[in-house]
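Trainee: need a structure here:
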Amino acid sequence: MLCWSIPFVGWSQSIDHWEAVVLAENQWRYRAGNPQLPDTWNQPGFNDMSWDEGNGGFGYGDGDDNTIVSPTISLYLRKEFTLTNTAAIAALTLYADYDDAFVAYLNGEEIARANVGTPGTMPAYDEPSITWREAEMYEGGLPDPYIIPMEQLEGMLQSGTNTLAIQVHNTGVNSSDLSALFFLIAGVTDESMAYQPVPDWFVEPFTSSNLPVLVIDTQDEEIPDEPKIDGQLGIIDNGPGQLNALGDSFNGYNGQIGIELRGSSSLFFDKKSYSVETRLSNGDNNNVSLLGMPEENDWVLYGPFSDKSLMRNVLSFHIGRSMGRYAPRTRWCELLINGEYQGVYVLMEKIKRDNDRVDIARLRSEDIEGDELTGGYIFSVDRDEQGPSSGWDSPYTDAVFYKYQDPDYDELLPVQKSYIRNHFTAFETAMDQNPSAATYDQYLDIPSFVDYWIATEIFKHIDNFKLSFYMYKRKDSNGGKIHFGPLWDLNLAYGNFDFAQDPGPEGWSYIWVNLNFLRPFWVLDLSNDPALQEQINCRWNALRDGPLHTDSLLQFIDDNATLLADAQVRNFDRWPVLGEYVWPNSFVGNTYEEEVDFLKDWLVERLDWMDSNMIGTCTTASTADPEKRPTLLNVFPNPFQDAVTFYLTGTSHKQGQLVIYNVLGQPLQQYAIQRGIPTTYALQELTAGMYIYQLHLDGKVVETGKLIRE
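Mentor: Below is the predicted model of the structure:
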C-alpha cells in the first residue's frame, strides 16, 4: 500500500467524473520473465512485438483469468494507452489484484509496489515475493488502490501514447497460482468522455473533507487487538471552515504512533475502533496536542457503526461537559488506513489521570504508605476480561467486577491494589449495614453522583451503572472522596438497543430490576434515598433552565448534522448500513436524516418525560455548582450584542487564558486576561448564537460557561 512517511500529495482540482484509461480485461502484451529482460523493458518505445498478446487477467486458470499462462516465477506485462488531454486529468489511481507481488511503472517510472524487492530497484526476473498473497476479486473482494501523487505525475504523463508496465512475481515457480489484474483509473476535470467506463465495483475515492483528515500507515501490517504495532500518523487540519484535501501537508501531526484495536462487542463490527499512542522515534510517549485538544499521548479513534446518527457518544460527552464535569473532548475526522478510506471517526481523549483529563494525583511506585497511598485511582465496573489480578469481585453483588483502570493492574503494586480494594469494600460493607447519608457522605462525592445519575438517565443506555461505569478516588489530603465519572461508551443509548428493556423514552433505567444483578446494589439504595433525591431534583431544575435546555441540545445535534452532511455520505458509501439492521438497533432508518430525526425525537420525549416524573422534591438551594466554588470569571452583558466584558477575580493567579469555542468544541478566539482588570472584547465576528468560554489557569480548565450573542 501507500507509504505515508512523507506528506501525501493528491488532488487540488475539481473532478467532474472518473474514467478507466486501462482495464484489466483490455488486451496486453505479456511474457514470462525468463531469461532476464533488458532494463529498458518498462520504457515507452521498447519493442515488445515478439511478446504474446492476451486479455487480462492473467493466471493459472482459477476463475479470475482471461489468459492462462504456464507456471512461472514472474510475468511481465505492457499496455499502451492514449491520453487526449493530460491537463484534464486531476487524479490517477492504479488498482491491483495480484498473487503474490508486483511492481508497476508508468512511462518507465515506478508508481506502485507490493511484497517484493526494494523501492526504486527493479527486481530480478527470478526474485520470489517476500511472502504469499491471495488475489481477492475472484471471491468478490476489491483490488487494492495505489494513489499516484500529482507531483509525481507532472511531466510523467504524455498527450498521446503512454505505457503502463508491470512485473508480477510469485512465491516460487512451483506455486499453485498466479494472478494479475490491473486497472488505471483517472479523475477528469471536464465533461469529456474520452476513455472507458469505470468497473461496476469502482467507488469514487475520497479526496477532501471539511473535517480534519487522519492518514495512518502501518506498512500493510494488520492491526491486532493487542499489542500495539508501530505506524505513522499524518493529520491534515486547515482550521474551521477550511477544506482539508489529500494534497495538503500534514500540519496537525506527522509522526510515529502505536495502534491497536479497541472495544469488546464492537470488535465484531466491520468498522473498527482503535487505541492510538503518539510516540517519539525511540518509542517513548510523545505528548502532543491533536486537533486542538490538550497535550497527551493516549487517544481513541472511535468508529460509530451501530449508531447510525454517528453522534451518540459526542452528544453524551457534550452533555457531561455542559454540566461542568470532565468528559472526553471529541473532534470529528475522516480516516484512511494504508490508503483505504475508513469513514467518519471521532478522535477523543482516553480516560486517564492528567491535569487536563481526570485531574487527580499521579500514583507512583514509591507511594506505598500514608497519604500518598490514598490516591489517585481510576477504576470501573466492567467486564473481567484480563483475569482476577485486573480487579476484584464485589462481595455483595453477583457478577459485579471492579476493574483497575489507571494505573493499570500491571502497574499497581500489591499494596496499592489492596488499598483501593479494601477502601471500596469498606464502603460497600457500610452501605450494606446502613444505607443512609450518614454512611455514603463519608465515602462519596455526592454532587458527582447526582450529575452522573442525571446524565445516564437522560441517555437511558442499556449498560447504565454496569459496564464502563467509571469512578475515581482523590488523596485523603484532597478530600479523599470517591467521584463518579467520567462518562464513557454510550453508543447503546437514546433508544439504540433492542434487548433486555424497553428502548422507548419513558421509564427510569436505574430501577430495571432484571439487570440489577449486574449493577452494584448500592446504586439503587442511593437512588431511593430521599435526601439524595432532593438534590437530584434541584440539580435537574437548574440544568434544565440552563445548559440542558431542550433547544440547546437540539441545536447541538443540528450543528453536528450540518458539519457531517458531506462526510456521512462517504461514510455510508463505505459502510452501507442505512436501512439495514445492525445489532442492537431498535430503529432502522433508511436515510441519515431519519436516523438523526429519531435521535432528536427520542431525546425530546425523554426530557419531557423526566420533567414530568423527576424523583424527589426540591426544597433547598440549588446544587447547580458541582464543585461548590465561587465564580472566578464575571461575564457581562451575557447575552451580548457587539462586545462583552470579562472580569477575573477570586484567585491568586495574576493572569489566565480565556478561550472561546463554538458549540462543536472548536476554538475560535484566545485572549490573555489579567486579574482585577475588567477587559472588554469586541466580538462582532461571531454570528448570533451560543458559544462556550473556558478559563485556563496554569494550563488547567477551572471554569466553563455559556456565551450568547444576540
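
Trainee: OK, contacts around Asn26?
Mentor: Residues in contact with Asn26, defined by C-beta atoms under 8 Å, 6 or more residues apart in numbering, are 55-56, 79. (C-beta placed from N, C-alpha, C; glycine too.)

Trainee: from those residues, which is closest to Pro71?
Mentor: Set against Pro71, the nearest of the contacts of Asn26 by C-beta to C-beta is Gly56 (17.9 Å).

Trainee: what about the closest one, how many residues nearby?
Mentor: 25 (other C-beta atoms under 10 Å).

Trainee: next one: Leu603
Mentor: By other C-beta under 10 Å, the burial measure for Leu603, its neighbour count, is 21.

Trainee: got a pLDDT number for it?
Mentor: We have a pLDDT of 98 for Leu603.

Trainee: going forward can the numbers begin at 357, since that is how I track them
Mentor: With the count now opening at 357, the last piece we talked about shows up as Leu959.

Trainee: so it touches Leu909, yeah?
Mentor: Yes. Counting by C-beta atoms under 8 Å, Leu909 is a contact partner of Leu959 at 6.4 Å.

Trainee: how close does Glu728 get to Glu767?
Mentor: Separation of Glu728 from Glu767 (C-beta to C-beta, to the nearest Å): 15 Å.

Trainee: so for these two, which sits in the more crowded spot?
Mentor: Ranked by neighbour count (other C-beta under 10 Å), Glu728 and Glu767 place Glu728 first, with 15 against 12.

Trainee: the more buried one reaches Asp832, doesn't it?
Mentor: No. Contact criterion C-beta under 8 Å: Glu728 and Asp832 do not qualify, at 9.8 Å.

Trainee: how far is the host helix or strand of Gln523 from where the chain is centred?
Mentor: For Gln523, the enclosing helix or strand under DSSP states H and E is strand 516-525. In terms of C-alpha atoms, centre = their mean, to the nearest Å, the centre of strand 516-525 is set 39 Å apart from its chain centre.

Trainee: low-confidence ranges, the stretch 807-956 of the chain, go.
Mentor: By pLDDT under 70, the weakly predicted segments of the stretch 807-956 of the chain are 869-873.

Trainee: helices of that one, residue ranges please.
Mentor: For the stretch 807-956 of the chain, the helices defined by DSSP state H, counting those that start in this stretch cover 877-883, 886-900, 906-919, 921-930, 948-969.

Trainee: and of the ones you listed, who's closest to Val569?
Mentor: Comparing the helices of the stretch 807-956 of the chain under C-beta to C-beta, the one sitting nearest is helix 921-930, at 10.1 Å.

Trainee: still on that earlier bit, list just the nearest of the contacts of Asn382 to Ala786.
Mentor: Gly412 (75.5 Å).

Trainee: pLDDT value on the closest one, please?
Mentor: Gly412 is given a pLDDT of 94.

Trainee: shouldn't Ile579 be in contact with Glu616?
Mentor: Yes. Between Ile579 and Glu616 there is a contact at 6.4 Å, judged by C-beta under 8 Å.

Trainee: mutual contacts of these two, please.
Mentor: Joint contacts of Ile579 and Glu616 (C-beta under 8 Å, 6+ apart) are 585, 630.

Trainee: re the thing from before, dump the helices of the stretch 807-956 of the chain to TSV, plus distance to Pro1023.
Mentor: Below are those laid out as TSV (distance: least, C-beta to C-beta, whole Å):
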stretch	distance to Pro1023
helix 877-883	37
helix 886-900	25
helix 906-919	15
helix 921-930	21
helix 948-969	26
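
Trainee: looking at those helices, which is closest to Lys822?
Mentor: Closest among the helices of the stretch 807-956 of the chain, using C-beta to C-beta: helix 877-883, at 8.9 Å.

Trainee: for the closest one, which outside residues touch it?
Mentor: By C-beta under 8 Å, 6+ apart, helix 877-883 touches 752-753, 783-784, 787-788, 791, 796, 800, 805, 809, 821, 866-867, 872, 888-889, 971.

Trainee: give the buried residues for that helix.
Mentor: Using 16 or more other C-beta atoms under 10 Å as the test for burial, helix 877-883 gives 877-883.
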